[in-house]
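Trainee: Got a predicted structure plus its sequence, pasted below:
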Amino acid sequence: MTQQHLNNAQQQWHEVDQYVNERLHLKQGLFEQILERNRKANLPPIDVSPAQGALLQQLITMSGARRVLEIGTLGGYSTIWMAQALPQDGQVVTLELQENHAAVARINFEQAGVYERIEQRTGEALEQLQQLADEKVEPFDFIFIDADKPNNPAYLKWALHFSHPGTVIFADNVVREGEIIDQHSTDPRIHGVRQFYDLIHDEPRLRSVTTIQTVGEKGYDGFLMAIVGEPTPERS
Ligand code: SAH
Ligand code: DHB
Ligand code: MG
């Protein structure tokens, strides 16, 4: 594809997202105010798209998830989509490295009225995950991996640690403009995602796995979704 064709395609993805978001009420009210606050606070605009936020919300509803773990809060845009679908006794534990991101997210959670259902933990996600393990927290029903991509392999290992049969593991940004097929990439993010795929390729605990490629206002990317299976009996 020439650059001109690509630009035209991107323009069209963007316009289709705008049309669909308007018709489906995906870009208004609370969620727009949250994105506006994130913009004003200079957070990078790498939240999930409205369509993907709504999908996360549907998946929480459909799976009946009560305990959600999110790795990578940013301003809490995705967190709020998920938290809205939780039952009264549900909870999202969300991990974030940057204090300033967590502070903006906290205001957003208050505005959205979901503050009681969210536990924010700030610091290196890997340290927070170890801490959660030390605390022997209950397993999670739904785990959203959306932080620094070089650590995706480690996050997958932790996700499996905190899973039970039926837990859904959902990872963002697993296509990255198609760069993931470049085995010679020197980008540590691509390397992290490729190692993540290698682990999944050899992981017997995952019952069902898919990657869906996506286009739209966030460009060309994709997400991976996996369901944890029953442990298989040891074979002699
Ligand atoms: N899930 C959010 C977007 C997350 S963006 C949404 O869709 O709204 C990725 C976030 O991961 C950023 O806020 C970044 O600060 C955070 N992050 C990056 N490295 C991290 C680390 N090592 N530990 C915890 N969080 C990290
Ligand atoms: C990046 C991270 C994300 O979570 C995302 O959705 C888009 C980009 C990044 O680190 O570049
Ligand atoms: Mg992301």
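Mentor: Ah, there it is. Numbers count the residues shown, from 1 in each chain. Ligands and ions are numbered 1, 2, ... in the order given.

Trainee: what's next to the longest helix anywhere in the chain, contact-wise?
Mentor: Scanning the chain for the helix with the most residues, using DSSP state H, yields helix 3-23. Contacts of helix 3-23 with the rest of the structure, by Cβ atoms under 8 Å, 6 or more residues apart in numbering, involve 1, 26, 27, 49, 50, 51, 215, 216, 217, 219, 220. (Each C-beta comes from the backbone N, C-alpha and C, glycine too.)

Trainee: Quick check: which element contains the residue in the chain positioned nearest to ligand 2?
Mentor: Proximity of the chain to ligand 2 (Cβ to the nearest ligand atom) peaks at residue 46, 3.8 Å away. Using DSSP states H and E, residue 46 falls within no helix or strand.

Trainee: Drop anything exposed from the contacts of helix 3-23.
Mentor: Buried residues within those, defined by neighbour count using 16 or more other Cβ atoms under 10 Å: 26, 27, 49, 50, 51, 215, 216, 217, 220.

Trainee: Around ligand 3, pick out the residues from this structure.
Mentor: Within the chain, the positions lying close to ligand 3 (Cβ under 5 Å from the ion) are 146, 172, 173.

Trainee: Got the phi and psi for the second one?
Mentor: It stands for residue 172. phi -90, psi 160 (degrees, to the nearest 10).

Trainee: That one touches residue 218, doesn't it?
Mentor: No: in this structure residue 172 lies outside contact range of residue 218 using Cβ atoms under 8 Å: 9.7 Å.

Trainee: which of the two has more neighbours?
Mentor: residue 172 (24 against 20; other Cβ atoms under 10 Å).

Trainee: So what's the residue count around the closest residue to that one other than its chain neighbours?
Mentor: Nearest non-adjacent residue to residue 172, counting by Cβ to Cβ, 6 or more residues apart in numbering: residue 146, 4.2 Å away. Counted with other Cβ under 10 Å, residues neighbouring residue 146 total 23.
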